[in-house]
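*Asks:* build me a model from this:
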Amino acid sequence: MGHYASYCRKVPSRWTSNEKVKGKGNTKNGNPYLSWAFSEASDHARQTHGLSRDFYNRKLNQTNASVAHNALAHKLSRAAYFIMRDHVEFEEDKMFR
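*Replies:* So this is what the prediction gives:
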């Protein structure tokens, strides 16, 4: 799952050891089209889906809009991974527990 989210460019690229930053990773590694698609899906979900909007607003109260947008896009990419891996339908109650 982590590799798919990384391939979609939806996780930060950082190298740490003992909770200390040891360098910067390759932020251009992965598929730019999947990154764009999940960002667009995040925008659409925020506008049309109530639970996604609630999640976004919770994150927005904690941080800024960019972080909240990326958190929702990351959550959608994880859901897409499990849907493809297990061949199941989308279940919103599992996504927003």
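*Asks:* quick one: list the elements packing against the longest helix anywhere in the chain.
*Replies:* Identified as the longest helix of the chain according to DSSP state H is helix 65-86. Other helices and strands packing on helix 65-86, by 3 or more Cβ pairs under 8 Å, 6 or more residues apart in numbering; DSSP states H and E, are helix 2-7, helix 32-48, helix 50-62. The C-beta positions use only the backbone N, C-alpha and C, and glycine is treated the same way.
*Asks:* so which of the ones you listed is nearest Lys22?
*Replies:* If you check each of the helices and strands packed on helix 65-86 against Lys22 by Cβ to Cβ, helix 2-7 wins as the nearest, at 17.3 Å.
*Asks:* pLDDT on that closest one, on average?
*Replies:* Mean pLDDT, taken over the full extent of helix 2-7, equals 80.
*Asks:* who touches that helix?
*Replies:* Helix 2-7 has contacts (Cβ atoms under 8 Å, 6 or more residues apart in numbering) with 11, 13, 29-31, 34, 74, 77-78, 81.
*Asks:* cool, and stretch 71-81?
*Replies:* Outside stretch 71-81, the residues that touch it by Cβ under 8 Å, 6+ apart are 1, 4-5, 8, 10-11, 34, 38-39, 41-42, 45-46, 52, 55-56, 59, 90, 95.
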